[in-house]
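Trainee: Here's a sequence, model it:
(3 chains)
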Amino acid sequence: MVVFENVGFKYPGARAAALEGVSVSVRPGRLVALLGPNGSGKSTLARLGNALLSPTSGRVTVDGMDTADDGVIWDIRARVGFIQQNPENQIVGTIAEEDVAFGPENLGVSPAEIRVRVDEALEAVGLSGFQRREPHMLSEGQKQRLAIAGALAMRPAYLIADEPTAMLDPVGRSDVLKALRGLRSQGVGVLHVTHHLEDVLDADRVLVLSAGTVAFDGTPGGLVSDPARAIDLGIELPAEVLLADALRHGGVRVPAGYPSAEEIAEALCRS
Amino acid sequence: MPLLAEGVSYTYETGRASGVEAVRDVSVSVDVGDLVVVAGTTGSGKSTLLRLLAGLLVPGGGSITVDGIAPGAREARGAIAIVFQNPETQFFAETLRSDVAFGPRNLRRPDPEGDADRALAAVNLEPAVYGPRSPFGLSGGEARRGAIAGALAMGARYLLLDEPTAGLDAEGRRAVRAALAAERASSGVVVVTHDPAEFLDDASHVIALAGGGVAFSGGVDALYGDPSAYEGAGLALPPIVRVQLLARGRGMSLPEVTLDADAAARALLAARGGSR
Amino acid sequence: MRIPSTFGQYVPVDSPVHALDARTKMGVIAAFTLGLFLADGFFGLAAFAVAVAAVVRVSRVPGRIAFRGVRALGLILIFTLLAHSLRWEPATVMLVRFGPLGIDAEGLRTGVFFAARIVLLMVGTSLLTLTTTPVQLTDGLESVMRPGAALGLPTGEIAMMLTIALRFIPTTAQEAERVIIAQSARGARFDEGSLLARVRAYVPVLVPLFVNLFRRAEDLATAMDARCYRGGEGRTRLHAAVMTPGDWLVLLVCGTGLVMTGIWL
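Mentor: Numbers count the residues shown, from 1 in each chain, chains lettered A, B, ... in the order given. Next up is the predicted model:
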C-alpha cells in the first residue's frame, strides 16, 4: 500500500503551501483518481508518491518504507513506477527495446531476465514487434505506451501516472487508458492524475484537490450525480452528463451514473 | 474572393509518409465570416490540407488560390496566417508584446506593436498587463492564446489553425473559441481538429476527411440530418447531439440541436411535454 | 528534409564484420591507421587498399555506400595534389607547364601518395560506423574508457550522455524543422540581407529550441530518477557485449598484420 498520511508540501521560496493535510492510500489492484484544476497540487502529490519529493509535513510510506528515508529511496522507486505527461521526454533509448530495458538495467537484472521482461512489457501495452523501432517513428500514443512498458519492466507494485493522456489524440488516449486498465487488472495499484473525469469513471476512489487541500473524497458516481458540486470543484463534466442531470430534475427517469446517448433518449421517450 | 481549394491532391516524397497520397481530390471554399471545421482521425490528411491551404506545400493535382493567386506567391504574403499545433513552443522574445509583434514586423506593417496590442486584446489577454510579461512565464491557456495572438496580429484575411484547443482546460478552450468567433467578423477561419465537437455550434461548414479523401462536406444541419458518412470517417458526434437526434428520430419536435446542456434539456423537456 | 536516423551511417546487414565486437573493430582501426601512416611506398598503400577492399566485401556493405564519403573529400584531394605538385616559375624541368605555373613530376607523385592515403583512411575508418550501431559504439567506448574510472573519470555517465544525445538527434532535427516552418509562416526570412542579418534571423529558431531542450532535460532527469538511474555503477545491459575468442583472434591477427605491413612496406 502507498499511504499518504496528512502530507503537506511547500516549495522552497513559495508563499503558500502546495499541499496541506492530504491523506489517501493506494492499494494493489485499485485505481485512485486525482483530479483538480491547474495549480491544485496534483503533480506535487504524484511526485511525493515515489520519493521524487519529500513531504515537508506528514509522511508517505510505500509498503512500510518511508519516502523520507534516504536508505530506501531506490527500493521505493523500484516499487512505484512513474509516467509523465510528455511522452517524448521520458524515452532514453535509441530503440524501443533499449528504452524498456533501461529500468531493469538500472536494477542490475541479468541480461537474460531483461530480455524476458522487455518482451513481456511490450506485449502488455500492445507494442509487440516494436522492439527495434526508433522513438521518433512512433506516434505520441505509442510513445506513451512505451513509457508505460518501461515502468512495467521494473515489475512495480504501483504506478503513478501524471496526466498521461494530456498530450494525446483520441486514439492515443484510448490506447493508453486500455494499457493502464490492463495493469490494474494485473494487480498493480494505480494513482491516475487527470483532468478528465470520464477517463477514470471506473476508479475505486476519487480525490479532488483545490488549492492544495482535499475538496472531495469519494467515488466517481458521487461526482457524476452531483454536477453542481463537480462544477464548483472545477471538474468539467461532459455535456451529456449535465443533460442527464437536468432531465432528471425535469422528471425524466434517466438511469443513474453515466448513461449513454441511447439510454438517455430511451428514457425520454418512455412515458 | 475566397480562399479556394479545388480538387487538390498531394503525395509526400520523403519521410515517414513517403509515397502515400496524403490528400486526394479535396475541395474547400473559405470566405470572410466562415468557420470551416476540417475533422478527421490521425492520418486522414487534415494537417496536410492545412499546409496546402497555407501555401507551404504545392499541390500535386488541383489548385489552391487565395483572392485569385497562389497562396505561396510573393503577392499573397500576409493574406494567410497559420497557427500550428502547440504554438506556444515557438516563443522566443523577451516580452509577449515583442513576440506577438514579430509577424507584423516581418510583414513591414506600419504599427507592429499596435497590431500586437489589438491581437492580445482579441484573445482576452489585457495588453497592459500581459504585453510586458515574459512569454515563458505564462500558464498553459495564456501561452496558447498569446501564440494565437501572434497570428492574429498579422492582420491576415484567412486564419488557419491546427488543433487550437488541444491540451487546454475548459476555460482555456472557451477563451480560444471566443477569440475565433470574434475574428470571423474580419476573417475566414479554418480549424483542423480530431475532436470537432466543441466547434459544431459555431461552424459554418464541416469537412470530414478519411484516408485523404472527403467523406463529408456540408453544413452542420446537413451533418445532423445524416451523420453516417461522418461516422464512417471514424468520427463520432458528441453524445449530447446524438441524444437530440435520437429524440428527433422518435418524433420529438426539436427546432435546433445544441451543445449546451441546459438549452438542450429545456428543449427536450418542452418537446416531451408537447408530445404527451 | 530527411530526418537523420540515430543510426546515421549504420548499414543493417548481417556479416562477419557486423558480428564482431565494437572493441575489436576499434582496435583493428587503430592498427590500420598506425600501419597506414608507417607505410612509405605505393606498394604499401596497395597492400592496404587490398585489405580495405577485402573488408568491404566481407562486410556486405554495398561498395557505393562504402565509398560515398570520398566525394566529400574532393576538394581536399585536389588541394593536396596541387600543394605538392604545383610550382611557380620553376627553374627545373616540369611535367607540364601553363605559363608561369608548372606541375612537377616528383611532386605529383608525392601528392598522389598523400591523396591516396587520405582516401584509404576515410574508407577504412568509416567501415567502423557502417558496421557498428551507435549504441554498440558507445558501449564499446565505455568499456575501453573503464580504466579511466579508476582515475575518477565518470565513464558510465559519459557513455549515458552520448547515448541520450544520439537518441535525441532525430527528434531535435524534427523540432528544428517545425520551428523554422512556424517562424517562416510568420514572415521570418533566413535568406535575406547581410551575413549578420541572416545569423540574427535564426534567433527565433534557436531560442525556442534551447528552451525546449532545457525543459526536456528536466523531464528526462525526473524520468531517469524514477527508473532508478544512479550512475553507471552496477548497471547490467540488455545486450551485453562480450569479446569472444574469435574477436581476440581477429584483433590480434589483423592488428599485428596491419602494423607489420606498414613497417615492412
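
Trainee: Please tell me how far A:D226 sits from A:L237.
Mentor: Distance, A:D226 to A:L237, by CB to CB, to the nearest Å: 10 Å. (C-beta placed from N, C-alpha, C; glycine too.)

Trainee: higher neighbour count, these two?
Mentor: Set A:D226 next to A:L237 and count neighbours by other CB atoms under 10 Å in any protein chain shown: A:L237 wins out with 21 against 16.

Trainee: show me the contacts for the more buried one.
Mentor: By CB atoms under 8 Å, 6 or more residues apart in numbering or on different chains, the residues touching A:L237 are A:L197, A:L223, A:V224, A:P227, A:A230, A:I231.

Trainee: Tell me the secondary structure of it, please.
Mentor: coil (DSSP: H, G, I helix; E, B strand; the rest coil).

Trainee: so B:S63 sits in a helix?
Mentor: No: assignment of B:S63 by three-state DSSP gives strand, placing it outside any helix.

Trainee: Quick one: list the elements packing against the helix or strand of chain C with the lowest mean pLDDT.
Mentor: When each helix and strand of chain C is scored by mean pLDDT, DSSP states H and E, strand C:96-98 comes last, with a mean of 76. The elements that strand C:96-98 packs onto, with contact taken as 3 or more CB pairs under 8 Å, 6 or more residues apart in numbering or on different chains; DSSP states H and E, are strand C:101-103.

Trainee: Quick check: next helix or strand after the strand it packs on?
Mentor: Counting by DSSP states H and E, the element after strand C:101-103 in chain order, helix or strand, is helix C:105-131.

Trainee: Show me how chain C divides into domains.
Mentor: By the assignment in automatic domain parsing, chain C contains the domains C:16-132+C:242-264, C:154-226.

Trainee: Lowest mean pLDDT across those, which one is that?
Mentor: When these are compared by mean pLDDT, domain C:16-132+C:242-264 comes last with a mean of 87.

Trainee: how far does that domain stretch from start to finish?
Mentor: In domain C:16-132+C:242-264, first residue to last residue: 28 Å (CA to CA, to the nearest Å).

Trainee: cool, stretch C:81-96 as well?
Mentor: Across stretch C:81-96, first to last residue, CA to CA, it's 14 Å.

Trainee: Among the contacts of A:L237, name the ones in helices.
Mentor: Among the contacts of A:L237, the ones falling in helices (DSSP state H) are A:L223, A:V224, A:P227, A:A230, A:I231.

Trainee: how about the residues of the stretch 101-250 of chain B near chain A?
Mentor: Counting by CB under 8 Å from any CB of the partner chain, the stretch 101-250 of chain B comes close to chain A at B:139-140, B:166-167, B:169-170, B:194-195, B:238-240, B:242-243, B:246-247, B:250.

Trainee: at 7 Å what do you get?
Mentor: Neighbours of chain A within the stretch 101-250 of chain B, by CB under 7 Å from any CB of the partner chain: B:139-140, B:167, B:169-170, B:194-195, B:238-240, B:242-243, B:246-247, B:250.

Trainee: Ok, the stretch 51-200 of chain C next?
Mentor: C:P134, C:V135, C:T163, C:I164, C:L166, C:R167, C:P170, C:T171, C:Q174.

Trainee: Since that was my last question, I'll sign off now.
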